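**Q** return atomic coordinates for the entry below.
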Amino acid sequence: MTYDADLSFNYLGPTKVIFGAGSIDEIPMEVSALGKTAFLVTDPGLMATGLVDQVKERLGHLLVGVYADVPQDSGMDVVDQGAASAMAAGADVVVSLGGGSVIDTAKGMCIVMTEGGSLRDFQGMQLLTRPQTPHLVIPTTAGTGSEVTAGAVVLDKDQGQKIIIFESFNIPRVAILDPRLTEGLSSDLTASTGMDAMTHAVESYVAQARNPISDAVALHAIRLIMRYLPPAVEHGSDLVARGQMQMAALLAGWAFSNAMVGLVHAMAHSLGAICRIPHGLANALLLPHVMRFNAEEVPELSADIAAAMGIAVHDMDAATAARAAADEMAAFLKRVGLSQRLRDLDVTEEDLEACADLSMSDGSIIYNPRMVMEAEEVLSVYRNAY
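**A** Numbers count the residues shown, from 1 in each chain. This next block holds a predicted model:
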């Protein structure tokens, strides 16, 4: 890895991380350090499990309300409704329990609870001028890394597009990573969320805003995912694998929150908005194809990724190693049970054209290492994954 003489960057990672089996016991102490009353945000699926009850029990008298109406692709209206409920309950701390959609909903709520109005008023980047409502995150998946990032992705149904809200003043204050809370995750969700983390790591390593710190955590996240995602998929009760995947997701989150992502995310956001394809799965199926698309632009960086994946690159030139990394990523997808093509997910050719057009207006695309000038270029990548 090399850097130019004019290297200049800011790196922000303020979230307190509490890791370990049984670490949810720390919830009341951490909430009390942030405020006086907590409002829990989760989703209907988790309400049907015992995890919500475990968190409610630990919050005890600190808990003043629960909002459990978060769907797979959360929307602006969901955020505004949740914020209204939390404010009506008098909460001054938000606790989110769930995956990326729940965490991002809670992030949006924190903004509305502090600033008022609607989340629609805050579409964009770095619009806030003060810290927002304190947010404690308890992830139940190992993929998004949203527990330590400045970003939130929320569907704007009026625009028919996923909106990225990126605010340093809204990074969660505390993340509690308890491997036991991911034990019940199905093998397919373990695989797709794990590949979400992989995508964050790979894209941040080649992104336009990369820096030495993001590079270091991105490469280690790749190593961890290659080693621990297969056993986490195959043996859901393996707490070591579960815990190390949580760490990989967090590291990848720190990487992309500072270095940004690229074309994979622009395309996956569009698939989510138009075809309702889950974000982690969309990222997974697109990743090898975008790696091939970018390989000629960043062969040396792609070779670094190949080495982190465990490929013996010593006798390869950079271009060969870059191609090997993409091929190995495709093989790794099959190893963890993700062998689908976009056509298998009822995506049509017409959908691909609409998604390609929409991808061009996604903020992630500007950080891709290879400049994307026309929707036809994006469409060609979609077709390779089709």
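**Q** and the closest residue to residue 55 other than its chain neighbours, what are its bridge partners?
**A** For residue 55, ignoring the flanking residues on the chain, the nearest one in space by CB to CB, 6 or more residues apart in numbering is residue 97 at 5.4 Å. Backbone N, C-alpha and C define where each C-beta goes, glycine included. Taking DSSP bridges as the rule, residue 97 bridges to residue 138.
**Q** how about the spatially most central residue of the chain, phi and psi?
**A** When CA atoms, centre = their mean is applied to the chain, the residue found nearest the centroid is residue 144 (2.5 Å). Torsion angles at residue 144 (phi, psi; degrees, to the nearest 10) stand at phi -70, psi -30.
**Q** how close does it sit to residue 228?
**A** According to CB to CB, to the nearest Å, residue 144 and residue 228 sit 17 Å apart.
**Q** go on, residue 288?
**A** Counting by CB to CB, the gap from residue 288 to residue 228 is 20 Å.
**Q** repeat for residue 374
**A** Distance from residue 374 to residue 228, by CB to CB: 39 Å.
**Q** domain assignment for this structure?
**A** 16-182, 187-384 (automatic domain parsing).
**Q** distance from the first one to the middle of the chain?
**A** With CA atoms, centre = their mean, to the nearest Å as the basis, the distance from the averaged C-alpha position of domain 16-182 to the chain average is 14 Å.
**Q** do the same with the longest one
**A** Relative to its chain's centre, domain 187-384 lies at 11 Å (CA atoms, centre = their mean).
**Q** what's the average pLDDT for it?
**A** Per-residue pLDDT over domain 187-384 has a mean of 96.
**Q** what's the span of it, first residue to last?
**A** Terminal residues of domain 187-384 lie 26 Å apart, using CA to CA, to the nearest Å.
**Q** dump stretch 347-363 to CSV, restricted to CA.
**A** Coordinates of the C-alpha atoms in stretch 347-363 are reproduced here as CSV (Å, rounded to 0.1, in the frame of the first residue of the first chain):
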residue,chain,number,x,y,z
VAL,A,347,-35.2,-9.2,-10.7
THR,A,348,-36.1,-8.4,-14.4
GLU,A,349,-34.1,-6.9,-17.2
GLU,A,350,-36.2,-3.8,-17.0
ASP,A,351,-35.4,-3.6,-13.2
LEU,A,352,-31.7,-3.6,-14.1
GLU,A,353,-32.0,-0.6,-16.4
ALA,A,354,-34.0,1.3,-13.7
CYS,A,355,-31.4,0.4,-11.1
ALA,A,356,-28.5,1.4,-13.3
ASP,A,357,-30.1,4.8,-13.8
LEU,A,358,-30.8,5.2,-10.1
SER,A,359,-27.3,4.2,-9.1
MET,A,360,-25.8,7.2,-10.9
SER,A,361,-27.4,9.5,-8.4
ASP,A,362,-26.3,7.5,-5.3
GLY,A,363,-23.7,9.3,-3.2
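**Q** next, the buried residues of it.
**A** Neighbour counts over stretch 347-363 (16 or more other CB atoms under 10 Å) mark 347, 351, 352, 354, 355, 356, 358, 359, 362, 363 as buried.
**Q** shouldn't the third one be in contact with residue 345?
**A** No - taking CB atoms under 8 Å as the definition, residue 352 is not a contact partner of residue 345, at 11.7 Å.
**Q** and stretch 32-44, average pLDDT?
**A** With pLDDT averaged residue by residue, stretch 32-44 scores 97.
**Q** straight-line length of that stretch, end to end?
**A** End-to-end distance for stretch 32-44, by CA to CA: 26 Å.
**Q** tell me which residues in the helix or strand hosting residue 45 are buried?
**A** Using DSSP states H and E, residue 45 maps to helix 44-47. For helix 44-47, the neighbour count (16+ other CB under 10 Å) marks residue 46 as buried.
**Q** from the rest of the structure, what touches it?
**A** 52, 68, 69, 70, 97, 98, 102, 140 (CB atoms under 8 Å, 6 or more residues apart in numbering).
**Q** pretty sure residue 95 sits in a strand.
**A** Yes - the assignment for residue 95 (DSSP: H, G, I helix; E, B strand; the rest coil) places it in a strand.
**Q** which ones are touching it?
**A** Contacts of residue 95 by CB under 8 Å, 6+ apart are 27, 31, 38-41, 55, 59, 106, 135-138.
**Q** redo those as a markdown table? Include distance to residue 309, secondary structure and neighbour count.
**A** Below are these laid out as a markdown table (distance: CB to CB, whole Å; DSSP: H, G, I helix; E, B strand; the rest coil; neighbours: other CB atoms under 10 Å):
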| residue | distance to residue 309 | secondary structure | neighbour count |
| --- | --- | --- | --- |
| 27 | 36 | helix | 27 |
| 31 | 39 | helix | 24 |
| 38 | 41 | strand | 30 |
| 39 | 41 | strand | 29 |
| 40 | 38 | strand | 25 |
| 41 | 36 | strand | 32 |
| 55 | 36 | helix | 22 |
| 59 | 41 | helix | 20 |
| 106 | 33 | helix | 32 |
| 135 | 34 | strand | 25 |
| 136 | 34 | strand | 28 |
| 137 | 29 | strand | 25 |
| 138 | 30 | strand | 26 |
